[in-house]
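In: got a predicted structure here, sequence first:
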Amino acid sequence: MTPGQTSRTMDTTSIYFIGIGGTAMASVAVALASKGYRVSGSDMKLYPPMSDFLAAHRIDVHEGFNPATLLACEPDMVVVGNAVSRGNPELEEALNRHMRLVTMPDVVRELLIGDATSIVITGTHGKTTTTSLAAWLFDHAGLHPGFLIGGIAENFNTGCRPNGNEHGGYFITEGDEYDTAFSDKRSKFILYRPDIAVINNIEFDHADIFDSLASIQRSFRQMVNLIPSNGLLLCNSDDQNALDAASNAFCRVERFGMNNEAEWSAGNIATEPDGMSFTLLTNGKPAHRMKVPLFGEHNLRNTLAAIAVARNSGITIELIAEALMLFRGPKRRMEIIGASDKGALLIDDFAHHPTAVRATLRALKERYPERRILACFEPRSNTSTRSIFQAEYADAFSDADKVVIGNVHRAERYGDKEALDTGKLARDLQKRGTEAWAAGTGQEPYPNDIATWIEQTLRPQDVVILLSNGDFSGLKTILTQTFPKKDE
């Protein structure tokens, strides 16, 4: 037996997660526990829903990073989350003792993907919805796929589960371009061994780890170069950056999008109260009339990508059409979380990049054409808090009737020129004819000032949408008093 190997069987192998509270880390931990591994972990603070999720699955979780806790669990393998850096007491202990350190993508590849056909969904936008759609299409067809989704998929009520087949089968992964760990700065999707890959789109994002669009494009090209020659790459025909990344592929390439010259496209598109209906076009020819309970052109592209993956995996077009009608979108993607007594709606959405904000608001306007849209935007991600997209954000809210911009999250990290100028953004929106203001500048504490503004501004049938990749400093919790019911 070589150093670092273990004689334990799977059901007694101990895996310890440093930083277990993240959505993906917690989901993978629960999936591995369901396979019989002995799983435990730690994090500085744990919050719902992931704290409740871990507790419900009886995962042994420790608050705070304590070397003694790590040693007491006697792990055979230590999974280091990408939010964990040098100086973390448990990481330092593991390094000093030469414990076996792995990243979350390592664990996913080795213990969850295994010998399955690996389907990796990538792109700056749309990954979570497309991965959820693909997993549901495969599940409805009886293929029992494994999956890793960067959110909670409503059809499964979990973000990760093992492949239901002992050998072979399918594993569908949301392939994030963010870096892997403190010790591995490659994009996560590099480690998932893609047999079939999807590129939804490529834009500049993650300004904390990428210095340019070119550096992001290099990561995507590296992923494309890993697809075997008998594999498949599906790329968005409407996105030139995606087409460029696919241009040197050694595998078969098919395109999806609104261009009828693409192998997978849509015609006769109609927006209805409960979703979009369209005619699926394959190589420009009508194939089947379909309907999906999603809204917006971006979600139509997501749907086409998932359909293309399913058809190329042998799922019949009839089963795909059935499954689409039964799809339930992932949480925090235009999710209705409350309704007032007078019919106003509260919607939660993860959008924070200007392209995603624009697409989400456009889809919301298509879904509720007669209603006013009150958009509340929190600059929280490592890209949205910077001034990189100052001008682009001013163009992203054209489908909102009123806009409030929240405080820049952890603005102390930046100087005045580097941080997003929320006051200027509000003024630029006003110049475009959109009523807007920057919160956190008056006498009332933030974010209560936003809640007060909503209370004073709200009319029956209005739609209030929270746009943030975080918790909006507790605004969502405050607003549940005004919007107590989750009814359409």
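Out: Noted; the coordinates are in hand.

In: hang on, residue 448 packs against residue 478?
Out: Yes. Using Cβ atoms under 8 Å, residue 448 is in contact with residue 478, at 6.8 Å. All C-beta spots, glycine's among them, are computed from the backbone N, C-alpha and C.

In: what is the burial count for the residue nearest to residue 327 when sequence neighbours are not counted?
Out: Using Cβ to Cβ, 6 or more residues apart in numbering and skipping residues adjacent in sequence, the residue nearest residue 327 is residue 136, 5.4 Å away. Neighbour count for residue 136, taken as other Cβ atoms under 10 Å: 24.

In: my read: residue 136 touches residue 329, true?
Out: No. Counting by Cβ under 8 Å, residue 329 is not a contact partner of residue 136; they are 10.1 Å apart.

In: and residue 217, how close does it get to residue 427?
Out: Distance, residue 217 to residue 427, by Cβ to Cβ, to the nearest Å: 34 Å.

In: the two: which is more packed in?
Out: residue 217 (17 against 14).

In: secondary structure element holding the more buried one?
Out: Using DSSP states H and E, residue 217 sits in helix 213-224.

In: I'd like the next helix or strand past that helix.
Out: Taking DSSP H and E, what comes next after helix 213-224 is strand 232-236.

In: give me the helices and strands touching that next one, please.
Out: strand 196-199, helix 240-246, strand 252-256, helix 297-312 (3 or more Cβ pairs under 8 Å, 6 or more residues apart in numbering; DSSP states H and E).

In: which of these sits closest to residue 190?
Out: Within the helices and strands packed on strand 232-236, the stretch nearest residue 190 is strand 196-199; the backing value is 11.2 Å (Cβ to Cβ).

In: please save the CA atoms from the closest one in PDB.
Out: The C-alpha coordinates for strand 196-199 follow below in PDB (Å, rounded to 0.1, in the frame of the first residue of the first chain):
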ATOM      1  CA  ILE A 196     -20.600  16.200 -24.100                       C
ATOM      2  CA  ALA A 197     -20.100  19.900 -23.400                       C
ATOM      3  CA  VAL A 198     -22.400  23.000 -23.800                       C
ATOM      4  CA  ILE A 199     -21.200  26.500 -24.100                       C
END
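
In: that strand pairs with which strands, parallel or anti?
Out: strand 117-122 (parallel), strand 232-236 (parallel) (DSSP bridges).

In: what does the shortest one contact?
Out: Applying Cβ atoms under 8 Å, 6 or more residues apart in numbering, the set of residues contacting strand 232-236 from outside is 123, 195-201, 224, 227, 242-243, 245-246, 249, 251-257, 264, 301, 305, 308-309, 312.

In: ditto for stretch 146-156
Out: 23-24, 27-28, 31, 49, 108, 112-113, 116, 127-128, 131-132, 135-136, 139, 158-164, 169-174, 176, 326-333, 350.

In: same check on stretch 470-479?
Out: The contact list for stretch 470-479 (Cβ under 8 Å, 6+ apart) reads 337-338, 346, 348, 376, 378, 380, 406-407, 409, 446-448, 450-451, 454, 464, 466.

In: of these, select the buried ones using a PyMOL command.
Out: The PyMOL command for the buried members of the contacts of stretch 470-479 (criterion: 16 or more other Cβ atoms under 10 Å) is given here:
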select buried, resi 337+338+346+348+376+378+380+406+407+409+446+447+450+451+454+464+466
